[in-house]
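# Structure of the sequence below:
(one chain, ligands or ions: 2)
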Amino acid sequence: MAALLELEGLVAGYGGGDILLGIDLTVEEGSLTCIVGPNGAGKSTLLRVVSGLLKPTRGSVRFRRESIAALSPRAILNRGIVQVPQERSLFPTMTVWENVRLGAYTVRDRGLVERRLAAVGETFPIVKERRNELAASLSGGQQKIVEFARALMLDPTLLILDEPSMGLDPKTRTTVFNTIRSMNDAGHTLLLVEQNARSGLGIATHGVVMESGRVRLQGPGPEVLSNPEIGRLYLGAA
Ligand SMILES: Nc1ncnc2c1ncn2[C@@H]1O[C@H](COP(=O)(O)OP(=O)(O)OP(=O)(O)O)[C@@H](O)[C@H]1O
Ligand SMILES: [Mg+2]
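Ligands and ions are numbered 1, 2, ... in the order given. This is a model prediction of the structure:
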């Protein structure tokens, strides 16, 4: 497998001091890489660096072997790195279809937009079935799935999901995790950040445990999940 995203010696923070204290991490093409870790570990900060919203103070960020650390968020989006944010982000008074279509706002080719709309409608039945309803009328989990569909309108090379299961009930959470798993099965490379370590690592091909701005453990998802140290680090508290 080829490395798609490579972070090396990454240090970054917000002025009050460094939060990420030297992160080495590789996301392989085709993988479902899941980062878990307690509140404040620096997971969202790491994602902010990858999407260009925060500039690293040291270290490198390479995407397909090219440095992207100095690029604008828009330029990084154009390279194919698309992020679904932690908070809800659909326009509540627009329909499902309008929200999904908006995902392709940078795509000029109208025919291509229509073809992708048709494709995500097939991949996510909820998008097709509820297309004329207002986004606000969907449940939290359904809205998350519509956000995934919207992100896929850009045909991302790397799709980043920040805590997609946050605030969902257990049944809906299962649906969301199954959807994430099937996007990876369909060939999408995913970088997932999760509070819910068991569910996240359970579907991951590669698992990463962060704590206090450092990577504490990494390896194949199921191995990380069964590592006795993870109980002490994290799962014990879950
Ligand atoms: N905009 C900001 N300005 C200053 N400090 C920040 C900012 N955003 C986050 N931090 C601090 O950086 C640290 C890491 O935060 P971050 O949001 O990356 O953690 P996280 O692992 O995503 O946590 P959570 O699981 O709660 O989302 C925390 O101490 C937080 O207070
Ligand atoms: Mg976060």
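# chain center to stretch 202-214, what's the gap?
13 Å (Cα atoms, centre = their mean, to the nearest Å).
# Over to stretch 76-85?
10 Å.
# Run through the strands of the chain in chain order.
Using DSSP state E, the strands found in the chain span residues 3-13, 18-28, 32-36, 58-63, 66-67, 81-84, 158-162, 189-194, 206-211, 214-220.
# Mind listing the strands the third one pairs with, and their directions?
Spelled out, that is strand 32-36. Strand pairing for strand 32-36, using DSSP bridges, gives strand 189-194 (parallel), strand 206-211 (parallel).
# With the first one instead?
For strand 3-13, the paired strands and their directions (DSSP bridges) read strand 18-28 (antiparallel), strand 58-63 (antiparallel).
# Out of those strands, which is the most enclosed?
Of all the strands paired with strand 3-13, strand 18-28 has the most neighbours on average by mean count of other Cβ atoms under 10 Å, namely a mean of 19. Just so you know, the C-beta spots here come from the backbone N, C-alpha and C atoms, and that holds for glycine as well.
# Contacts for the longest helix along the chain next, please.
As assigned by DSSP state H, the longest helix anywhere in the chain is helix 170-185. Around helix 170-185, the neighbours that count as contacts under Cβ atoms under 8 Å, 6 or more residues apart in numbering are 30-32, 123-124, 139-141, 144-145, 148, 152, 159, 161, 164-165, 168, 190, 192, 196, 199-200, 202-203, 205.
# again, only using 7 Å
Applying Cβ atoms under 7 Å, 6 or more residues apart in numbering, the contact partners of helix 170-185 are 32, 139-141, 144-145, 148, 161, 164-165, 168, 190, 192, 199, 203.
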